[in-house]
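Colleague: build me a model from this:
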Amino acid sequence: QVQLVESGGGLVQAGGSLRLSCVASGRTFSSYTMGWFRQAPGKEREFAAAITGSGSRPTYADSVKGRFTISRDNAKNTVYLQMNSLKPEDTAVYYCAASVSYCSGSGCYFPSIYGYWGQGTQITVSS
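Modeller: The predicted model follows:
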């Protein structure tokens, strides 16, 4: 069982930056693929970024590529999402997720492969 707790959400102006953190419980954090998803009001949950257990193969949705960076610190059981050049359309609840399966590229896009989810943290980007 893995428990995930996100932090770092808030209100930011367009063009600003935020960094989300997600701390995982358990001793096998480095074996999990970690992902960040987001869900805007009235929309389906969508993939933002993912990273393999070793941190060697990050994957990004086209909508965030070049602006967001996912990273992890396995010694701290933590995955991060650095978000730069934020846009109003980035406004959403952001969720951290963990998968026991390895994925790469578009294989990481599907929420169904992630068995563990955090409670979410709200990001609001004002124009």
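
Colleague: which residues does residue 24 contact?
Modeller: 2, 3, 4, 32, 34, 77, 78, 79, 98 (CB atoms under 8 Å, 6 or more residues apart in numbering). Where you see a C-beta, it was placed from the backbone N, CA and C, and this is true even at glycine.

Colleague: dihedrals phi and psi, residue 46?
Modeller: Main-chain dihedrals, residue 46, degrees, to the nearest 10: phi -130, psi 150.

Colleague: correction: the previous question concerned residue 105.
Modeller: Taking degrees, to the nearest 10 as the convention, residue 105 sits at phi 60, psi -140.

Colleague: ok, the residue nearest the centre of the chain - contacts?
Modeller: Taking CA atoms, centre = their mean, the centroid of the chain lies closest to residue 36, which sits 1.9 Å from it. By CB under 8 Å, 6+ apart, the contact list for residue 36 reads 20, 22, 48-50, 68, 70, 79, 81, 94-97.

Colleague: which among the residues you listed count as buried?
Modeller: Neighbour counting with 16 or more other CB atoms under 10 Å marks 20, 22, 48-50, 68, 70, 79, 81, 94-97 as buried within those.

Colleague: out of those residues, what pair is the most spread apart?
Modeller: 68 and 97 (15.2 Å; CB to CB).

Colleague: where does pLDDT dip in this structure?
Modeller: Scanning the chain for pLDDT under 70 picks out no residues.

Colleague: so which residues of it form strands?
Modeller: Residue ranges of the strands in the chain, as given by DSSP state E, are 4-7, 10-13, 18-24, 33-39, 46-51, 59-60, 68-73, 78-83, 92-99, 116-117, 121-126.

Colleague: reformat those as JSON lines; add distance to residue 109.
Modeller: Output for those, formatted as JSON lines (distance: least, CB to CB, whole Å):
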{"stretch": "strand 4-7", "distance to residue 109": "19"}
{"stretch": "strand 10-13", "distance to residue 109": "26"}
{"stretch": "strand 18-24", "distance to residue 109": "18"}
{"stretch": "strand 33-39", "distance to residue 109": "9"}
{"stretch": "strand 46-51", "distance to residue 109": "4"}
{"stretch": "strand 59-60", "distance to residue 109": "8"}
{"stretch": "strand 68-73", "distance to residue 109": "14"}
{"stretch": "strand 78-83", "distance to residue 109": "16"}
{"stretch": "strand 92-99", "distance to residue 109": "12"}
{"stretch": "strand 116-117", "distance to residue 109": "15"}
{"stretch": "strand 121-126", "distance to residue 109": "20"}
